[in-house]
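Asks: Okay, sequence plus prediction incoming.
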2 protein chains.
Amino acid sequence: VKKNTIKDIGEFGLIARIRRRYARSSDLALCGIGDDAASLRSPPRGHPTLVTTDILVEDVHFTRSHTTPYLLGIKSLAVNLSDIAAMGGIPRFFLLSLGVPQELSLAFIDRFYDGVAKLAETYDVLLVGGDLTAAPSFTINGVLIGDCPPNQVVYRKGAQPGDTVFVTGPVGDSALGLEILRQRGLKPRDFNAYGEATGRDKELLRLIRHHLAPEPPVLKGRKIAELRCATAMIDISDGLMADLGHIMEESHVGASVRVDQIPRSEAFQKWASLYHPQPLDLALGGGEDYQLLFTAPGKALQQAIADGRESDFPFFPIGKITPHSGKLSLITEDDRPYSPSCHGYDHFRPPAGGFHA
Amino acid sequence: VKKNTIKDIGEFGLIARIRRRYARSSDLALCGIGDDAASLRSPPRGHPTLVTTDILVEDVHFTRSHTTPYLLGIKSLAVNLSDIAAMGGIPRFFLLSLGVPQELSLAFIDRFYDGVAKLAETYDVLLVGGDLTAAPSFTINGVLIGDCPPNQVVYRKGAQPGDTVFVTGPVGDSALGLEILRQRGLKPRDFNAYGEATGRDKELLRLIRHHLAPEPPVLKGRKIAELRCATAMIDISDGLMADLGHIMEESHVGASVRVDQIPRSEAFQKWASLYHPQPLDLALGGGEDYQLLFTAPGKALQQAIADGRESDFPFFPIGKITPHSGKLSLITEDDRPYSPSCHGYDHFRPPAGGFHA
């Protein structure tokens, strides 16, 4: 009998299959999949342990018809990698819990884990455990554990008035990718089983792929941590304004942002106005870009970069931290206030038809 | 406006509420709720880090009408505590991700976290993070992090032929509690908002409560680890037979169990035959007792207990490990083979109407 669904091999058959295919041996994992808990070598002395967890729910964060299992696997790890990156950390171990509809095919699960495993390999992360259960909606809960050298962890709470606000790269591509996906749907030929764009319209597919399987800013986060001058950092998952708001809240400060200085990609500048009436608002309010937003005394950062002769990670200054706690000012090129049409994402108050991690 | 539902306060309002009420400061948590990742003091030198994660899904593992939010909160942490206990570990940090139906009341969430917080306090565990999202079914994913002194971690894989098989206490109470719950339902007066049985039929309510909010064997697990003679250990979550099967599989051994020696509680002996045609099978196949099942050279354990003059944790010998890999023999008092009617729980092949963690 060919085994096509999870019901055919059962919970323990599926665990054994995942373990056989995706567990890698390492002297960091004393025991991984196959015990009550994973037993892991603890970080070097003085390194704090970093832990993050993210839950993705079908028809809330994604629809199966609008992504591929491989890209969904990548996203499941990427969103957690981004959180560790936003602390300046080094990712190490991943645990993945799935709630799986009984009719889901084994092929779907295999491709999903292929995506997870590919990204894990890229960042030298070990899959060391998780949990499996039946569920009415496909539900993904990832747990990522990492660590960070002493005194390099960057929190949300240290921003100081006068600090410059930086982002690590263009924002808005993910929100634009989602708009394009909504308006044109996903076609069978758009991506192959390994997440490669095989359809036409490569530029649009790149934007869609950026939404479906973002690149986590792990190296950027480490670089910023090593420069040791960032005072606060966060990843842009809820949207630039909302995430800057989180830093303002934790640091008890305000901020002033020059909207024309927010970096946007060439593809964004070319396509955004075709898919959205207010392109700038996609860049301000749209989430899931997984760039990093950080604050630092501007001169200290310039000096640190100059000292290290760094030029491979351009950081884009977009504004300043102010003492006006809770107040975010958006300013145009000609010094006028700008009012966006949206303010970031809240899972319990979503816009109609929104999907979001 | 009175704020009664999660939609009224939103995702970030809910996070702030949880943080305000349940986050405790500790020098172990450098940063908990309110950043991209928790930043935790790493274990002492040489202690491995232990991590476990468990997902509970409404209408798969529980129904809201058959439990109370407080007891569900307790269970959400208890199942994870039990996994750390089964490694011999010390629990430290808890992260909790919830997928929440939008109509759920704030009162439900408050009582749920009250239950989590109560059990966390009992075992000195800190709530340091998690994730919140909307979801069609109430979904709970817990992550528990602990550690263990060097050379005290007990895996599933070390059982040796000749070892005695022990359990740490009576089994079957949870499965019986579930049967009673199924047959009589839960009445409003059965438990109050703090999980105390307030209805009549105290004995039956104790069995039901054992199913809804099990006591995790944290102290028992530590005691066994400290005695340093257990060769393998697991918690009884899938059922005695199934979990002994997991040890057999990881250790490449078999086992022989004397069914009459399996400890059962007084309440079980009094009530089980009224609620199930084959009470012994509740003890053999029913899961979620969260006792520990472990193997050890019998004499070494007796000696270790005698050396420590321990008598506060009675361990019950129920059989022997054999060299016959994969073969489990169940034997009656008069040396005849016993055939149970069920073999443990598989989430993708559940019996009709089953709920199970």
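Replies: Thanks, I have it.

Asks: which SS class is residue A:216?
Replies: coil (DSSP: H, G, I helix; E, B strand; the rest coil).

Asks: pretty sure residue A:285 is touching residue A:239, no?
Replies: Yes. Using Cβ atoms under 8 Å, residue A:285 is in contact with residue A:239, at 4.7 Å. Glycine gets a C-beta too; all of them are placed from N, C-alpha and C.

Asks: Please say which of these two ends up with more neighbours.
Replies: Remark: of residue A:285 and residue A:239, residue A:239 carries more neighbours, 28 against 22, as counted by other Cβ atoms under 10 Å in any protein chain shown.

Asks: Any figure for the gap between that one and residue A:341?
Replies: Residue A:239 sits at a distance of 12 Å from residue A:341 (criterion: Cβ to Cβ, to the nearest Å).

Asks: residues shared between the contacts of those two?
Replies: Common contact partners of residue A:239 and residue A:341 (Cβ atoms under 8 Å, 6 or more residues apart in numbering or on different chains): residue A:285.

Asks: now the helices for the stretch 151-300 of chain A?
Replies: When assigned using DSSP state H, counting those that start in this stretch, the helices of the stretch 151-300 of chain A occupy the ranges A:173-184, A:202-212, A:218-227, A:240-251, A:266-275, A:279-285, A:298-307.

Asks: I'd like to know which of these lies nearest to residue B:97.
Replies: Nearest to residue B:97, of all the helices of the stretch 151-300 of chain A, is helix A:240-251, at 18.1 Å by Cβ to Cβ.

Asks: what does that closest one contact?
Replies: So helix A:240-251 is contacted by A:155-160, A:165, A:167, A:171, A:231-238, A:253-255, A:257, A:262, A:283-285, A:287, A:289, A:293, A:295, A:321, A:325-326, A:328, A:330, A:340, A:343-345, B:34-35 (Cβ under 8 Å, 6+ apart).

Asks: May I see the PyMOL selection of the buried members of the residues you listed?
Replies: This is how PyMOL selects the buried members of these, with burial counted by 16 or more other Cβ atoms under 10 Å in any protein chain shown:
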select buried, (chain A and resi 155+156+157+158+159+165+167+171+231+232+233+234+235+236+237+238+253+254+255+257+262+283+284+285+287+289+293+295+321+328+330+340+344+345) or (chain B and resi 34+35)
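
Asks: Of the contacts of helix A:240-251, which belong to strands?
Replies: The strands, defined by DSSP state E, take in A:165, A:167, A:232-235, A:254-255, A:257, A:293, A:295, A:321, A:328, A:330 from the contacts of helix A:240-251.

Asks: Include pLDDT when you put those residues into TSV, please.
Replies: Output for the ones in strands among the contacts of helix A:240-251, formatted as TSV (pLDDT from 0 to 100):
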residue	pLDDT
A:165	97
A:167	97
A:232	98
A:233	98
A:234	98
A:235	97
A:254	98
A:255	98
A:257	98
A:293	98
A:295	97
A:321	98
A:328	97
A:330	97
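
Asks: and chain B, which of these reach it?
Replies: A:233, A:234, A:235 (Cβ under 8 Å from any Cβ of the partner chain).

Asks: ok, now which ones touch the second one?
Replies: Listed by Cβ under 8 Å, 6+ apart, the contact partners of residue A:234 are A:86, A:156, A:243, A:244, A:246, A:247, A:292, A:293, A:294, B:36.

Asks: Could you single out the nearest of those residues to residue B:16?
Replies: Nearest member of the contacts of residue A:234 to residue B:16, counting by Cβ to Cβ, is residue A:246, at 11.1 Å.

Asks: State the pLDDT value of that closest one.
Replies: With respect to pLDDT, residue A:246 has a value of 96.

Asks: Quick one: neighbours of it, just the number.
Replies: Residue A:246 has 21 nearby residues by other Cβ under 10 Å.

Asks: Repeat that for residue A:65.
Replies: By the measure other Cβ under 10 Å, the count of residues near residue A:65 is 7.

Asks: Then residue A:105?
Replies: Taking other Cβ under 10 Å as the neighbour definition, residue A:105 ends up with a count of 13.

Asks: Closest to the centroid, which residue in chain A?
Replies: residue A:79 (3.4 Å; Cα atoms, centre = their mean).

Asks: For it, give me its contacts.
Replies: If you count contacts by Cβ under 8 Å, 6+ apart, residue A:79 has them with A:54, A:56, A:142, A:214, A:216, A:237, A:290, A:357.

Asks: how about the nearest residue to residue A:161, chain neighbours excluded?
Replies: Using Cβ to Cβ, 6 or more residues apart in numbering or on different chains and skipping the chain neighbours, the partner closest in space to residue A:161 is residue A:323 (4.2 Å).

Asks: surely the one you found meets residue A:252?
Replies: No. Between residue A:323 and residue A:252 there is no contact under Cβ under 8 Å: 9.2 Å.

Asks: For chain A, give me the ranges with low pLDDT.
Replies: A:1-2, A:309-313, A:343-347, A:349-357 (pLDDT under 70).

Asks: how many other residues sit next to the closest residue to residue A:208 other than its chain neighbours?
Replies: Nearest non-adjacent residue to residue A:208, counting by Cβ to Cβ, 6+ apart: residue A:177, 4.5 Å away. By other Cβ under 10 Å, the residues close to residue A:177 number 28.

Asks: Kindly report the same for residue A:69.
Replies: Counted with other Cβ under 10 Å, the neighbours of residue A:69 add up to 22.

Asks: May I have the phi/psi pair for it?
Replies: Main-chain dihedrals, residue A:69, degrees, to the nearest 10: phi -60, psi -40.

Asks: ok, it - contacts?
Replies: A:108, A:109, A:110, A:111, A:112, A:115.

Asks: taking these one by one, which sit in helices?
Replies: Here DSSP state H is the test, and the contacts of residue A:69 give A:108, A:109, A:110, A:111, A:112, A:115 as lying in helices.

Asks: Tell me how many other residues crowd the fourth one.
Replies: With neighbours defined by other Cβ under 10 Å, the count for residue A:111 comes to 20.
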